[in-house]
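K.L.:
here are the coordinates; sequence isn't available:
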């Protein structure tokens, strides 16, 4: 080694080995060469089965075209805004479930965890008249305790997560009845909570949000580039970096421009980006940084890819699993807050049917049920697909049974694509 060369970061190098081929996004390979080399490398990854969120994005585009043909109102400004707000709670639930799916586990109780959290919230906020922020903090603490409970029995006792969370799925339905009473419904009365899903930011705030997104994207890209250079790892060409940031700027700019237009059908104007949008973006960005750019995130992917290899590499597998369930339950409560803000009520059956849609969204987005492969953004894209199906069929006035049939079919198709892509990836590695 010459004096000008740098030794590769041992942690980054080891992460690939212990992840069973599931390379964490923050240390993705194929960074060398020109833009043409990058395009060839991307094509090679597609042929090897690493399709990521590409099928979900393609499916969403096809759905938008199909529903726009069948119902001209689908891509209208008012419905686009409705689609975004309707997606928020399911996207957050899918993001929550991604953490446990990445370690090849499942949490069937995430929906009712949101229900229990919101039951605690309305009792504190409505009955005891506590400030909604205090009530929310207590509700999030309930989510943390639930996650610790699940994680302990899965990681320490060794009970399959399916069994533990199925038991809680049944038990928490009873707990909701105890907290709220059989058949009782509590209205959300706090204006601040209702505003999360039902109010919009000023036009100028939407453009400020856009500027922050572009600035943070650029800063993050340069930070990653500098980090890789310090570690002696190849980096992408600068032109690709600017193209990526420009693409983010164009897409988000168009969305902000459309949402800032008046979409009202009456004399009262409705304009601006929904308040829930920057909240979801902030949460998504924070936890994406944790997954992609921290040692804990690298270890999570390693545990999901190959838990035995991760254990032999010195990773505390039990701790990683417990943390994953804690994050899942806590973010599930946040998704419950979004849903409560949207519908304006919390009842004894709140959240009981949501978890399957959350799992469907994560899988449709491209998160592997086998663990070790997936990103939080994929859960959001999958939630957009599921919500687009529900929204579009609603505009066509088709019965709810059709919605379930189509959603189930899309889920099976996504799981099939995941299984086939893993087989292709395995075959590619075998040839190597």
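P.N.:
Alright, I've got the coordinates. Since we're looking at a predicted model, the values are computed, not measured.
K.L.:
Tell me where the stretch 51-200 of the chain has helices.
P.N.:
54-70, 77-101, 110-122, 132-151, 161-180, 191-198 (DSSP state H, counting those that start in this stretch).
K.L.:
Tell me which of those sits nearest to residue 388.
P.N.:
helix 54-70 (4.8 Å; Cβ to Cβ). No exception for glycine: its C-beta is placed from N, CA and C like everyone else's.
K.L.:
how distant is that closest one from the center of its chain?
P.N.:
Offset of helix 54-70 from its chain centre (Cα atoms, centre = their mean, to the nearest Å): 20 Å.
K.L.:
cool, stretch 360-380 as well?
P.N.:
Distance of stretch 360-380 from the chain centroid (Cα atoms, centre = their mean) equals 8 Å.
K.L.:
what do you get for stretch 179-193?
P.N.:
27 Å.
K.L.:
For it, give me every contacting residue.
P.N.:
116, 119-120, 122-123, 125-126, 132, 194, 337, 340-341, 344-348 (Cβ atoms under 8 Å, 6 or more residues apart in numbering).
K.L.:
Name the residues of the host helix or strand of residue 208 that come out as buried.
P.N.:
Under the criterion DSSP states H and E, the helix or strand holding residue 208 is helix 203-230. For helix 203-230, burial by neighbour count (16 or more other Cβ atoms under 10 Å) applies to 203, 205-207, 209-210, 213-214, 217-218, 220-221, 224, 227-228.
K.L.:
And residue 75, how close does it get to residue 115?
P.N.:
33 Å (Cβ to Cβ, to the nearest Å).
K.L.:
Same check on residue 87?
P.N.:
20 Å.
K.L.:
now residue 66
P.N.:
From residue 66 to residue 115 the distance is 34 Å (Cβ to Cβ).
K.L.:
and residue 367, what pLDDT?
P.N.:
Residue 367 carries a pLDDT value of 89.
K.L.:
I meant to write residue 9 there.
P.N.:
For residue 9, the model assigns a pLDDT of 43.
K.L.:
before we move on, what about the one 5 residues further on?
P.N.:
Note on residue 14: pLDDT of 43.
K.L.:
ok, back up a step: if you count what's nearby, which of residue 66 and residue 115 comes out ahead?
P.N.:
For residue 66 versus residue 115, neighbours defined as other Cβ atoms under 10 Å are more numerous around residue 115 (30 against 13).
K.L.:
In terms of helices and strands, where is the nearest residue to the more buried one once chain neighbours are set aside?
P.N.:
Nearest non-adjacent residue to residue 115, counting by Cβ to Cβ, 6 or more residues apart in numbering: residue 351, 3.5 Å away. Residue 351 belongs to no helix or strand when assigned by DSSP H and E.
K.L.:
Residue 351: neighbour count?
P.N.:
Around residue 351 there are 31 residues (other Cβ under 10 Å).
K.L.:
From residue 116, how far off is it?
P.N.:
8 Å.
K.L.:
For the residue nearest to residue 87 when sequence neighbours are not counted, give me its contacts.
P.N.:
Using Cβ to Cβ, 6+ apart and skipping the chain neighbours, the partner closest in space to residue 87 is residue 387 (4.4 Å). Contact analysis of residue 387 by Cβ under 8 Å, 6+ apart lists 83, 86, 87, 90.
K.L.:
Over to residue 392?
P.N.:
So residue 392 contacts 63, 66, 67, 70, 71, 74 (Cβ under 8 Å, 6+ apart).
K.L.:
quick one, phi/psi of it?
P.N.:
Main-chain dihedrals, residue 392, degrees, to the nearest 10: phi -70, psi -40.
K.L.:
Now residue 186: closest residue in space that isn't a chain neighbour?
P.N.:
Residue 186 sits nearest to residue 122 (Cβ to Cβ, 6+ apart), 4.2 Å away.
K.L.:
likewise residue 363?
P.N.:
Closest to residue 363 by Cβ to Cβ, 6+ apart is residue 414, at 5.0 Å.
K.L.:
List phi and psi for that neighbour.
P.N.:
phi -60, psi -40.
K.L.:
could you check the angle helix 77-101 makes with the helix or strand hosting residue 297?
P.N.:
Element membership of residue 297 [criterion: DSSP H and E] is helix 295-305. Helix 295-305 and helix 77-101 meet at an angle of 80 degrees, taking axes from the mean of the first three to the mean of the last three Cα atoms, to 10 degrees as the criterion.
K.L.:
Skip ahead from helix 295-305 and say which helix or strand is next.
P.N.:
Defined by DSSP H and E, the subsequent element after helix 295-305 is helix 307-312.
K.L.:
And that next one, what does it pack against?
P.N.:
Where contact means 3 or more Cβ pairs under 8 Å, 6 or more residues apart in numbering; DSSP states H and E, helix 307-312 is packed against helix 10-18, helix 295-305, helix 317-343.
K.L.:
so what's the most centrally placed residue in the chain up against?
P.N.:
The residue lying closest to the centre of the chain (Cα atoms, centre = their mean) is residue 95, at 2.6 Å. Counting by Cβ under 8 Å, 6+ apart, residue 95 touches 283, 284, 287, 331, 376, 379, 380.
K.L.:
who wins for proximity to residue 357 among the helices of the stretch 51-200 of the chain?
P.N.:
helix 77-101 (5.9 Å).
K.L.:
Taking helix 317-343 as reference, get the angle to the closest one.
P.N.:
160 degrees.
K.L.:
ok, and for helix 77-101, which residues are buried?
P.N.:
77, 79-101.
K.L.:
Same check on stretch 178-195?
P.N.:
Neighbour count says stretch 178-195 has 179, 180, 186, 188, 190, 193, 194 buried, by 16+ other Cβ under 10 Å.
K.L.:
Any chance of those in a markdown table with pLDDT and distance to residue 243 as columns?
P.N.:
Formatted as a markdown table, the buried residues of stretch 178-195 follow (pLDDT from 0 to 100; distance: Cβ to Cβ, whole Å):
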| residue | pLDDT | distance to residue 243 |
| --- | --- | --- |
| 179 | 89 | 51 |
| 180 | 87 | 52 |
| 186 | 88 | 50 |
| 188 | 90 | 44 |
| 190 | 91 | 44 |
| 193 | 94 | 40 |
| 194 | 94 | 41 |
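K.L.:
Would you convert those into JSON lines that also reports distance to residue 397?
P.N.:
Formatted as JSON lines, those follow (distance: Cβ to Cβ, whole Å):
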{"residue": "179", "distance to residue 397": "36"}
{"residue": "180", "distance to residue 397": "32"}
{"residue": "186", "distance to residue 397": "31"}
{"residue": "188", "distance to residue 397": "28"}
{"residue": "190", "distance to residue 397": "34"}
{"residue": "193", "distance to residue 397": "31"}
{"residue": "194", "distance to residue 397": "28"}
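K.L.:
Before I go, just wanted to say thanks for your time.
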